[in-house]
Structures are given as structure tokens and as C-alpha cells.
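**Q** have a look; sequence and predicted model below, questions after that.
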Amino acid sequence: MSNYHIKHLEEYYQVYRKSVRNPGAFWEEIAEEHFLWRKKWDNVLQWDFSKPEVKWFEGAQLNITENCIDRHLTTRGNKTAILFEPNNPKELAEHITYNQLHKRVNQFANVLKAQGIKKGDRVCIYLPMIPELAISVLACARIGAIHSVVFAGFSATALATRINDSDCKMLLTSDGSYRGAKTIDLKDIVDEALEHCPGVTRVLVTKRIHATINMVSGRDQWLQPLLDKASNICEAEIMNAEDPLFILYTSGSTGKPKGMVHTMAGYMVYTAYTFKNIFQYRENDVYWCTADIGWITGHSYIVYGPLINGATTLMFEGVPSYPDYGRFWDIVQKHKVNQFYTAPTAIRALAKQGAELVEKYDLSSLKVLGSVGEPINEEAWHWYNDNVGKKNSPIVDTWWQTETGGIMISPIPYVTPTKPTYATLPFIGIQPTLMDSHGAELKGNQVEGRLCIKFPWPSMARTIWGNHQRYKDTYFSTYKNQYFTGDGALRDEVGYYRITGRVDDVIIVSGHNLGTAPIEDAINEHPAVSESAIVGFPHTIKGSALYGYVTLKDTGESRDQDNVRKEINQIISEHIGPIAKLDKIQFTSGLPKTRSGKIMRRILRKIAHKDTSNLGDTSTLLNPEVVQDIMDNAL
Ligand code: 7RM
């Protein structure tokens with residue numbers, strides 16, 4: 001029996017049990033049936049969390065791009081692989097078929113080779129969301145070069161740090177990018193970064209905005225003339241299962257960013273299998289994930305997972321607010337999108353604009369809605385469910401991390417009954433545990449603790465580039481023989497998981513452990529509230545007390561702030577209990593967000609602690625201007 005596509009709940013439980021009873025046999029069966037291997041493995045799994053060492057499908061040989069492209073050519077050659085929707089809605093969308101993708105990736109791969117890039121070399125990709133980004137990622141994989149994509153919203157310093165950490169030889173970029181009504185001079189940022197990166201000897205530049213830019217002779221070249229000269233046939237490099245596929249940086253709470261290393265075979269098998277099930281992708285569906293390929297969500301669920309399954313994956317260059325806040329829905333209508341995957345921060349921003357902007361569009365093509373990146377608060381969940389899904393499209397609240405490579409806890413739509421704010425059940429093959437502060441596992445249901453994973457899964461990161469000790473210390477040292485996620489979670493009476501936020505967000509008030517997510521959820525139910533974030537601050541009696549930063553909706557009406565404060569605390573008392581009432585409530589114009597949309601609580605915590613002399617690394621902030629505003633008005 002093939003367990004590749006799960007269709008009902010009984011089947012989920014049955015396959016889940018099988019996957020944990022004998023993980024090796026289970027993954028072997030999935031891997032056998034659904035992928036193209038140049039050579040099968042000798043040993044399906046070898047692992048030791050104390051080293052830590054994890055190897056999946058050792059001895060196997062493959063090229064992931066043959067799985068993403070070549071093997072679809074006979075059956076899906078003229079099917080759209082990548083559907084590119086430009087920033088400007090007046091510019092035509094581009095349909096890149098599997099046949100065309102094959103040619104373009106091969107051509108690009110040949111250019112990389114001609115420029116001296118070899119198997120194992122690191123190539124940094126700093127490109128906006130244009131087809132060349134996906135194509136260059138695949139071109140690297142084609143020849144066995146390790147791609148390190150840096151989100152093109154990062155600053156020169158952030159870019160330079162990442163380039164140097166992994167010793168990239170080459171940089172791929174563009175003459176600029178579009179972002180709503182603005183253009184960004186990416187190449188200037190690159191030039192500034194490269195002043196600090198002596199290892200980068202070659203830069204290939206794609207034209208996007210046709211700006212006049214500085215080209216450094218001997219280093220910089222335009223991409224197009226090189227592509228024009230290159231053959232569109234490039235044999236795929238045969239790779240070993242555990243060769244690195246890519247490095248992707250994720251910021252830690254301290255220290256420099258961590259270059260998470262993902263490897264070939266396990267990553268391929270797991271991203272493909274999760275994509276198929278969690279989005280219930282059917283042959284002619286149009287799938288859209290709004291993330292940027294600069295994040296893990298884009299790697300796994302714009303590029304690799306969808307393409308391995310022969311899907312049509314939409315790539316959007318722009319922003320949700322341009323030309324207006326109806327843009328997402330306009331795109332859904334225009335391309336008849338079937339699966340739509342976005343982040344809670346985007347949902348809240350759109351909800352703030354009112355439901356009228358959604359109602360103008362025909363969203364009847366939608367079958368599955370996804371959420372990722374943060375706990376989705378109850379109000380946003382309902383808004384998404386009611387206004388976007390019209391109560392007809394299940395929401396998959398997908399919990400996972402850069403480190404996990406693929407989705408770990410999530411409903412399977414039309415299979416797992418959903419529950420607002422719950423990521424629900426572990427995906428097939430995933431064995432989560434909840435640990436208490438003494439290092440003991442909390443068994444049974446209705447418990448809350450720190451979320452760990454006790455058994456390897458195929459797409460887990462294998463190391464931190466150049467620093468295996470840090471990998472061990474960060475993820476495998478807090479609890480013996482467990483991968484520690486850094487998140488808190490609770491398991492309800494039926495075994496559903498709710499992620500309560502990063503563990504450093506857990507605040508102990510008068511001896512009570514309070515997760516920030518449920519309190520923020522309660523606050524966000526107040527009709528005037530758009531977003532909120534809670535942190536702790538020292539309190540002589542309670543140990544810690546709660547400080548709330550609250551952004552109100554732009555309704556134009558003036559509000560009696562003291563009254564809103566009282567109402568917020570009343571809602572908290574009703575939802576959680578008086579213990580969770582806030583001692584301080586500061587109204588803010590916005591919350592500091594990372595460029596991937598996560599609230600940067602570290603900064604809010606420092607402000608609440610009146611410790612603002614050193615706010616730490618703020619280079620990943622999207623909206624640094626709100627920080628000053630929040631400091632000026634701190635309570
Ligand atoms: C995919 C991604 C990872 C952290 C993770 C969590 C938080 C992500 C959810 C979530 C609650 C979710 N990778 N997180 N998804 N929290 N519910 N569905 O975001 O490396 O950038 O971030 O994001 O804290 O540890 S990431």
C-alpha cells in the first residue's frame with residue numbers, strides 16, 4: 001500500500017503509528033516509490049543525538065533537480081512550473097513551463113561552471129522574488145554548489161556577515177528590485193557589503209529595474225550575455241545523500257546568525273511528502289506561498305516541495321499593500337489559486353483594512369489556507385477562516401523551523417479537524433515530546449512544557465556551518481537525547497499541540513508560568529486592538545509582571561485610552577484569569593518586526609526593563625523607526 005497521499009483521519013493514525021514503530025522501513029518505502037535515484041541507499045538511517053549525528057539514506061546518489069524538473073518532462077513538459085506574478089499588476093504574469101525551466105536551469109548551471117564554480121563551492125544569492133532567484137537556486141543544486149540565499153531585504157552588514165561566514169566565492173544579484181511603488185538599489189547594498197568580503201571574486205547581475213549601476217571591472221558581469229552563450233544542456237552532478245544542498249541563516253537570540261546546513265536526500269523526501277499532504281495538492285492546482293525564497297518557507301514550499309511534486313508554484317514579486325490592500329485577493333482571483341499559504345502578520349495587516357477589500361474578489365478557487373511563522377491568534381484565525389476561506393477552506397496552522405527543514409506539526413486539511421490556534425497533530429514520522437523544567441518528559445495529555453523532538457526526521461538540519469559544537473550546544477544539550485526547539489507548547493485533551501511561543505517568552509508571574517500567546521490572543525479580541533505583544537519586567541512582589549505593547553486599529557475615532565486599558569485587562573481576566581492582567585499597557589504605532597514578520601520581543605523586553613543602552617543586533621528589523629517611538633513613550 002502506498003502511504004504517499006493521506007486522505008482520511010483513520011489513515012493518518014494508522015500511517016503515523018507505522019512511521020514511529022519502524023521509521024526506517026516507513027521512510028524507505030516512501031523514498032523507494034516516489035523519487036528518482038541514481039543509486040539507492042545502503043543504510044536508511046544512522047543516528048546519535050549525543051554527538052549529534054544524523055544520516056538518512058546513506059550511500060544513495062541523486063540530484064534533487066532531476067526530481068524537481070527532468071522527471072516531469074515526459075508527463076508535464078508543458079505544464080506551468082513557476083507562475084511569476086510581477087510587482088506591477090499591469091506587467092504580464094510569466095508562465096514558465098517545466099520544459100522551459102529545464103532549459104533555463106541548465107543554462108544557468110553552465111554559466112556557473114564557466115565562471116569556475118565547482119561542486120561544494122558556496123554561492124551567495126541576493127535576489128528579489130523574480131524567476132532568476134528560483135532558477136539560480138536550482139542551477140546551484142544542478143552542479144552540486146551549495147546555495148546560501150540571503151533575503152534581499154537584509155542590509156549590507158547582514159549580507160557581508162553571511163557571505164563571510166560560509167566563505168562564498170560568488171554572488172548572484174540584480175540591478176535593483178521593485179517593492180510596491182518604490183525601487184531598491186540592491187547593487188549599491190552589494191557593493192557596500194563586498195568591501196568586506198574579499199572571498200567573492202565574481203558577481204553576476206540580472207537586469208530587473210534597468211537602473212544605471214556601478215559595475216566593478218574584473219568582478220561584476222551582466223548575466224544575460226553569459227546565458228545567451230551557454231548551452232541549455234547540463235548533466236546533473238551526481239550527489240551523495242548527505243552532501244550539503246544549502247546553507248540558510250537563522251538568527252539566534254545571541255551571537256552571529258547560524259548557518260543551518262541541509263542535505264540532499266532527506267530534505268528532498270520530507271519536503272515533497274509534507275507538501276503533498278499538508279496542501280493536498282492535486283494535479284492541476286495552482287499553489288501559492290507568499291513567503292520570500294530568502295526564508296526556509298520559500299526554500300521548502302515555493303521551490304523544492306512543490307517542484308518535486310510537479311506542481312504549479314506561484315512566485316509573487318510584490319507586497320500585499322500595492323497597488324492596494326486587495327492585491328493578494330486580486331492574485332488569488334486572477335490565477336485561480338487553490339492553496340494559499342501566508343503568515344499571521346500578513347493576515348493581521350490585511351484584517352486591519354477591513355473585510356470589504358476581500359469581498360470584492362472571487363476567492364471560490366481556494367481549497368486550503370495555510371499559516372506559518374508565528375502562533376496565529378484566535379481573532380486572526382477567525383478572520384482568515386470567515387473572510388478568506390468563507391468557512392469552507394480548512395486552515396493549516398503549520399509549525400516548523402529553519403532547522404527542521406519541513407513542516408512538523410500541522411493539520412492535514414480535510415483529514416484533521418482544525419481547532420483555532422492549534423497546530424494540532426504531529427506530521428507523519430514526527431515524535432514530539434514536552435519536557436518540564438527539570439528535564440523530565442511530561443507524558444499524557446493536558447500538559448504544558450518545552451517542545452522537543454525525540455527521534456530524527458529526514459529533513460532536519462545536520463549542523464551549523466563551521467560550528468558543530470554550537471549546533472550541539474543549541475539544540476541537543478538542554479535535554480538529553482532530544483532535539484530542543486526553543487518553543488513552548490501544550491498538549492490538549494485529545495493530543496493536539498498548541499505552540500505558546502518561544503520559551504524565552506515564558507514569563508513567571510507570582511510563580512505562575514504564563515505563555516505570551518494566549519494572553520496576546522485575549523487582548524487581540526478587543527475590537528479596537530490590531531496587534532499586541534507581551535513581555536515581562538521585574539516586579540518586587542510578583543518577581544515578574546506583565547508589560548503589554550498594544551497597537552490599535554486605524555478607525556479614525558479617538559479613544560479613551562484609560563478605558564481601553566481597563567477593558568483589555570477585563571478581557572484577560574475573563575480569558576485567562578486575573579493573574580495574567582497587565583501592570584503596564586503602552587499604546588504604540590507599531591511593533592518591531594523582523595523582516596520575516598516575527599515580533600522582536602527581545603527589544604520590547606529591554607525597553608520594559610529600562611535597559612536600552614544596547615539593544616543588540618537590530619539589523620534584521622523591518623521597521624526600526626518604531627523602536628525610537630516606543631522608547632520615547634515607554635512607561
Ligand atoms: C517556518 C519558520 C521558527 C520559529 C519557531 C516558532 C515560530 C513558526 C509557527 C510558529 C507558532 C506556528 N521558520 N513559528 N511557525 N509558532 N505556530 N505555526 O517560521 O526558523 O523562521 O522560525 O517560528 O517560534 O520556533 S523560522
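**A** Looks like it came in fine. Numbering: from 1, shown residues only.
**Q** nearest residue to Gly59 in space, ignoring adjacent ones along the chain?
**A** Asp42 (3.3 Å; CB to CB, 6 or more residues apart in numbering). Yep, even glycine has a C-beta here, placed from its N, CA and C like the rest.
**Q** correct me if wrong: the one you found contacts Trp56.
**A** No - here Asp42 lies out of contact with Trp56, judged by CB atoms under 8 Å, at a distance of 11.9 Å.
**Q** between those two, who's got more neighbours?
**A** Trp56 (32 against 10; other CB atoms under 10 Å).
**Q** check contacts around that one.
**A** Contacts for Trp56 (CB atoms under 8 Å, 6 or more residues apart in numbering) come out as 27, 44-45, 241-242, 263, 265-266, 269, 456, 458.
**Q** now do the longest helix seen in the chain: distance to the chain's middle.
**A** Scanning the chain for the longest helix, with DSSP state H as the assignment, gives helix 98-114. Distance, stretch centre to chain centre, for helix 98-114: 26 Å (CA atoms, centre = their mean, to the nearest Å).
**Q** check which helices and strands that helix sits against.
**A** Judged by 3 or more CB pairs under 8 Å, 6 or more residues apart in numbering; DSSP states H and E, helix 98-114 is in contact with helix 73-76, strand 80-85, helix 131-143, helix 223-229.
**Q** adjacent strands (with direction) for the next helix or strand along the chain from it?
**A** Downstream of helix 98-114, the first helix or strand assigned by DSSP states H and E is strand 122-125. Applying DSSP bridges, strand 122-125 is found paired with strand 146-149 (parallel), strand 170-174 (parallel).
**Q** can I assume Lys276 is in contact with Ile30?
**A** No - with contact defined as CB under 8 Å, Lys276 does not count as touching Ile30 (10.2 Å).
**Q** now do the shared contacts for the two.
**A** Residues touching both Lys276 and Ile30 (CB under 8 Å, 6+ apart): Tyr4.
**Q** list the contacts of Lys390.
**A** Residues near Lys390 by CB under 8 Å, 6+ apart: Leu363.
**Q** which SS class is it?
**A** With DSSP: H, G, I helix; E, B strand; the rest coil as the basis, Lys390 sits in coil.
**Q** roughly how far does it sit from the ligand?
**A** Distance, Lys390 to the ligand, by CB to the nearest ligand atom, to the nearest Å: 22 Å.
**Q** for that residue, grab phi and psi.
**A** Backbone torsions for Lys390, taken as degrees, to the nearest 10, come to phi 50, psi 40.
**Q** show me where pLDDT drops low in the stretch 501-635 of the chain?
**A** Residues of the stretch 501-635 of the chain meeting the criterion pLDDT under 70: 505, 511, 555-557.
**Q** and whichever residue of it sits closest to the ligand, bridged to which residues?
**A** For the stretch 501-635 of the chain and the ligand, the shortest gap (CB to the nearest ligand atom) falls at Arg502, measuring 5.0 Å. Arg502 has these beta-bridge partners by DSSP bridges: Asp487.
**Q** tell me, how many residues neighbour it?
**A** By other CB under 10 Å, 20 other residues sit near Arg502.
**Q** for the chain, what helix or strand is lowest in average pLDDT?
**A** Ranked by mean pLDDT, DSSP states H and E, the weakest helix or strand in the chain is strand 512-514, scoring a mean of 73.
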